[in-house]
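Enquirer: based on what follows, work out the 3D shape:
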Amino acid sequence: MHLSEITHPNQLHGLSVRQLQQIARQIRDKHLQTVAVNGGHLGPGLGVVELTLGLYQTLDLDRDKVIWDVGHQAYPHKLLTGRYDRFHTLRQKDGVAGYLKLCENKFDHFGAGHASTSISAALGMALARDLKGEKFKAVAVIGDGALTGGMALEAINHAGHLPKTNLLVVLNDNDMSISRNVGAIPRYLNKMRLSQPVQFIKDNLEEQFKQIPFVGESLSPELGRIKEGMKRLAVPKVGAVFEELGFTYIGPVDGHNIEELIATFQQAHQIQGPVLVHVATVKGKGYEIAELDQVGYHAQSPFNVATGKAIPSSKPKPPAYAKVFSHTLVKLAEQNPKIVGITAAMATGTGLDKLQAKLPNQYIDVGIAEQHAITLAAGLATQGMRPVAVIYSTFLQRAYDQIIHDVCIQNLPVFFCLDRAGIVGADGPTHQGMYDIAYLRCIPNMTIMAPKDEAELQSMVVTGVNHSGPIAMRYPRGNGYGVPLMEEGWEPLEIGKGEILRTGDDVLIVGYGTMVYPGMQAAEILSEHGIEATVINARFVKPLDTELILPLAKKIGRVITLEEGCVMGGFGSAIAEALLDADILVPVKRFGVPDVLVDHAEPNESKTELGLTSHQIAERVLQAFFKQQVAAVV
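Expert: Predicted coordinates for the structure are as follows:
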C-alpha cells in the first residue's frame, strides 16, 4: 500500500510491520519535500512517524480520539487522515494548516497552536465519555518540552486522582539523553511489572500476610513499604514520579521500533485508569542534517534538501526586527549587569540566544511557562534588577493574570517585549499577535509603545530598560525597512510623545507601529488626488500624545487610525475615546483587523484581504470622505 492510498487511518489495521515501515519512509519523504518548499515545522514531525503509525494501528479512529499537543508533531497524522493530496498546500492561503483545526478534518479532535493543552482536553473528553456512558479511548500525545508547561502538570495532577477514568498520555520524549535508557532492561522491567503474576503478588501480598496468626496486623506498615519498594524496583526514576501521581507508567519505549510500539500501546489500552507511555524519539529522525541540528531544524524556511541550506532570497533583505532587538539588548546588557533577559523556551525565535551566548548570567530560560516567567520577572524587579521578558504576543496571553496581579498592581519595572505582534502569516489564528494592544492598554500603570521601524525599535529598547514601571513594546515578525541603525549612543524616547511626519489640512492619519509607513504611502497616493494629509507616528498607545493629536484632529476634522491588531479595543479605540472625552466630535475611521480570525497565509495576502495595504487605505479614505471630489484609486 502506498501512502497516497490512505484516506482513513483505520486502513493501517492489519498491515505488517514491514508495510508500516515502508509507509514510514513515504511519510518522511513527503514531509521533508513539502517543508523544503513551503517552510514549516520539520524536526518534531520526523521524530514521531513510527509513534503515529504504532498508535493508530491499535486504535479505531472512527470512535477513539487522539489529541496532539501543539500540532508540531502532527504532520504525519495529517498525511494519514486524508490530506496527502493537498499536503503540498501546507501553510499556504486556503491550504492545509500548520496546526490542527477542528474545522479542517474530522480526525483533528482538538485544535491548538500553544503547548501543554492536550492532557486537559483529553481528560475533558474522557470525563464526558464516562458521563454519557460511551466507549472510546482518549489519548493525549505531548512532547517533553510541552510537559514543562504548568497546565500539563495541572492536568496530570487531576487525572492521577481519577483511578477509574481511562486516559492514555503518550510522552514523546525527544531529548537525546534518554536514548541510553532504551533497551532490553527497561523493556523487561515493564514486561515484568505489568505481567499478571507480578500484579497478583502486588495486589494480594498484604492480604496473604494478614492471614499469619498473631503477626499479620502488626506488619501492615512494613507491607506498605514492601509494596512501594516493589514498585520502585520495576519503575525507572522518572516513572516513579508519574506512579506517585496516580498514573501507571510504561517506558521508556523505543519510539522508532514499530513492533514494540504496537505491543506497548495494546498493553496500555488494557489497563484501567490513567496510563503514561514514555516514548523516546529522535527529533528530525531520518534526515541526518536535522538530527545533528535539532534546534535549527525544529522549523525551517524553504531549504535545499541535499544541503540543508536555506534557499537564498533573490535580493538582500534588511535585518529582522528580532535581530536588531537582540543586538541592541546585548549591547545595553554589557553596560548594565542588572538587565536580565527572560524567555519561555523561545531563545532562538526571540533572538535571546545571542544574550545567552554573550552574557549567560544575564539570561534565563524558564521553559514553556509564560506565567512563571512573568512572576519571576516581578520577583527580579523587586530586587532592583531590570527584567526584560521577551515573549511572542500570542504566548503572552497565557500570562495575563500575572501581568496584572504580579507586575502592574505592584507597579514593578518589568519590560515586556512582544515579538511577532500583528499578522504573522503561515502559522495561522493561534499565532497571530492581534490582541496585545487591547488586552494591555486597559491595565493601570502599563505603558505601551511600538516602533515604526527598526531604528526606532533601538530607541524603544533603551526606553524600556530605563522606565520606572511596567512597559511593553510590540514589534513584528520579519525584516525591517533598511533604515540606518546605530551601534550605540541611543537615547530614550520621551514617554507618551509622538511625532509629525507629514503635514496637510485635509485628513489626519495617525499610525501606530508597523502601520506608520503604509500611512505615509497612503498619504502620497492621496496627494496625487489633491488630498493633503497630516501623518502622525503615535509611538505610544498609552499614554497617548493627546497634546499633539487632539488639536490637529479638531482643526482638520477628519481622522484615520491605522494599526496592525484588532480594531475592537485597540489603538483606534484609544484615539476615539480620547476625542470623545475631549468633546471633539469629528468623524473617525479605524483601520485594523475586524472581529475575525486571520487564517494562515502570507502576511501581505492577509493584509490585502483585510484592506490594509497603502492603496486600499487611500481608496477607503477617498470613499469615506472625498468621494464627491475625486475618482477611486487605480
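Enquirer: show me where pLDDT drops low in the chain?
Expert: The chain contains residues with pLDDT under 70 at 175-236, 628-634.
Enquirer: could you rerun that using 50?
Expert: 176-183, 185-186, 188-189, 192-193, 197-198, 200-201, 205, 230 (pLDDT under 50).
Enquirer: please name the nearest non-neighbouring residue to E563.
Expert: F571 (4.0 Å; CB to CB, 6 or more residues apart in numbering). To be clear about C-beta, it is placed using only N, CA and C from the backbone, and glycine gets the same treatment.
Enquirer: residues contacting that neighbour?
Expert: With contact taken as CB atoms under 8 Å, 6 or more residues apart in numbering, F571 is in contact with I437, Y512, A538, V541, T561, L562, E563, G565, G592.
Enquirer: state the distance from it to A128.
Expert: 41 Å (CB to CB, to the nearest Å).
Enquirer: just A378 next, same as before
Expert: A378 is 37 Å from A128, by CB to CB.
Enquirer: the two - which one has more neighbours?
Expert: Shown here are A378 and A128; by other CB atoms under 10 Å, A378 has more neighbours (23 against 11).
Enquirer: would you check that that one makes contact with H405?
Expert: No. Look at A378 against H405 with CB atoms under 8 Å: they stay out of range, at 9.0 Å.
Enquirer: now for the lengthiest helix in the chain, which elements pack on it?
Expert: Using DSSP state H to define each element, the chain has its longest helix at helix 17-38. Counting contacts by 3 or more CB pairs under 8 Å, 6 or more residues apart in numbering; DSSP states H and E, helix 17-38 packs against helix 43-46, helix 49-57, helix 75-79, helix 258-269.
Enquirer: ok, now with 6 Å
Expert: Counting contacts by 3 or more CB pairs under 6 Å, 6 or more residues apart in numbering; DSSP states H and E, helix 17-38 packs against helix 49-57, helix 75-79, helix 258-269.
Enquirer: what does the longest one contact?
Expert: In this structure, residues lying in contact with helix 258-269 by CB atoms under 6 Å, 6 or more residues apart in numbering are 17, 20, 50, 53-55, 57-58, 168, 250, 253-254, 275, 277.
Enquirer: could you give the angle of the helix or strand that comes right after it to helix 49-57?
Expert: Tracing the chain past helix 258-269, the next element assigned as helix or strand by DSSP states H and E is strand 274-280. Relative orientation of strand 274-280 and helix 49-57, computed by axes from the mean of the first three to the mean of the last three CA atoms, to 10 degrees: 150 degrees.
Enquirer: quick one: buried residues of strand 274-280?
Expert: P274, V275, L276, V277, H278, V279, A280 (16 or more other CB atoms under 10 Å).
Enquirer: and what of stretch 538-553?
Expert: 538-542, 544-546, 548-550, 552-553.
Enquirer: follow-up on the earlier one: send the alpha carbons of the longest helix of the chain over as CSV?
Expert: Only the C-alpha atoms of helix 17-38 are listed here, as CSV (Å, rounded to 0.1, in the frame of the first residue of the first chain):
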residue,chain,number,x,y,z
VAL,A,17,5.4,-4.2,10.4
ARG,A,18,7.3,-4.2,7.1
GLN,A,19,4.4,-2.5,5.3
LEU,A,20,4.2,0.1,8.1
GLN,A,21,8.0,0.7,7.8
GLN,A,22,7.5,1.4,4.1
ILE,A,23,4.8,3.9,4.9
ALA,A,24,7.0,5.5,7.5
ARG,A,25,9.6,6.1,4.8
GLN,A,26,7.0,7.6,2.5
ILE,A,27,5.7,9.9,5.3
ARG,A,28,9.2,11.2,5.9
ASP,A,29,9.9,11.8,2.3
LYS,A,30,6.6,13.7,1.7
HIS,A,31,7.0,15.7,4.9
LEU,A,32,10.6,16.6,4.1
GLN,A,33,9.9,17.6,0.5
THR,A,34,6.9,19.7,1.4
VAL,A,35,8.6,21.6,4.2
ALA,A,36,11.6,22.2,2.0
VAL,A,37,9.4,24.0,-0.5
ASN,A,38,6.8,25.7,1.8
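Enquirer: strand partners of the very next helix or strand once past it, parallel vs antiparallel please.
Expert: Remark: after helix 17-38, the chain's next helix or strand is strand 40-41, criterion DSSP H and E. Note on strand 40-41: by DSSP bridges, its sheet partners are strand 299-300 (antiparallel).
Enquirer: and the particular helix or strand that has Q616 in it, how far out from the chain's middle?
Expert: Counting by DSSP H and E, the element that carries Q616 is helix 614-625. Distance of helix 614-625 from the chain centroid (CA atoms, centre = their mean, to the nearest Å) equals 35 Å.
Enquirer: now stretch 118-133
Expert: 24 Å.
Enquirer: other residues contacting that stretch?
Expert: 65, 67, 69, 110, 136, 138, 140, 142, 152, 155, 159, 165, 167, 169.
Enquirer: the closest residue to T81 other than its chain neighbours in helix, strand or coil?
Expert: Closest residue to T81 apart from its sequence neighbours, by CB to CB, 6+ apart: F107 at 4.1 Å. Secondary structure, DSSP: H, G, I helix; E, B strand; the rest coil: F107 is coil.
Enquirer: number of nearby residues for F107?
Expert: 20.
Enquirer: pretty sure it contacts L80?
Expert: No. Contact criterion CB atoms under 6 Å: F107 and L80 do not qualify, at 8.4 Å.
Enquirer: which other residues reach stretch 556-569?
Expert: Contacts for stretch 556-569 (CB under 6 Å, 6+ apart): 422, 434-435, 437-438, 507-512, 514-515, 519, 553, 570-572, 575, 586-595, 621, 625.
Enquirer: only whichever of the residues you listed are buried, select them in ChimeraX.
Expert: Buried residues within the contacts of stretch 556-569, by 16+ other CB under 10 Å, are selected in ChimeraX with:
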select :422,434,435,437,438,507,508,509,510,511,512,514,515,519,553,570,571,572,575,588,589,590,591,592,593,621,625
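Enquirer: of the contacts of stretch 556-569, which belong to strands?
Expert: V507, L508, I509, V510, G511, V588, K589, R590, F591, G592, V593 (DSSP state E).
Enquirer: from N157, how far off is the nearest residue to G45 once chain neighbours are set aside?
Expert: With sequence-adjacent residues excluded and distances taken as CB to CB, 6+ apart, G45 is closest to Y75, at 3.6 Å. To N157, Y75 is 30 Å away according to CB to CB.
Enquirer: repeat for E50
Expert: For E50 relative to N157 (CB to CB), the value is 30 Å.
Enquirer: also L171?
Expert: L171 is 15 Å from N157, by CB to CB.
Enquirer: quick one: the strands in the stretch 451-600 of the chain?
Expert: Counting by DSSP state E, counting those that start in this stretch, one finds strands in the stretch 451-600 of the chain at the ranges 471-474, 499-502, 507-511, 533-537, 540-542, 559-566, 588-593.
Enquirer: related to what we said a few turns ago, make JSON lines out of the buried residues of stretch 538-553 and add distance to A240.
Expert: Below are those laid out as JSON lines (distance: CB to CB, whole Å):
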{"residue": "A538", "distance to A240": "56"}
{"residue": "R539", "distance to A240": "55"}
{"residue": "F540", "distance to A240": "53"}
{"residue": "V541", "distance to A240": "51"}
{"residue": "K542", "distance to A240": "50"}
{"residue": "L544", "distance to A240": "56"}
{"residue": "D545", "distance to A240": "59"}
{"residue": "T546", "distance to A240": "61"}
{"residue": "L548", "distance to A240": "64"}
{"residue": "I549", "distance to A240": "62"}
{"residue": "L550", "distance to A240": "65"}
{"residue": "L552", "distance to A240": "68"}
{"residue": "A553", "distance to A240": "66"}
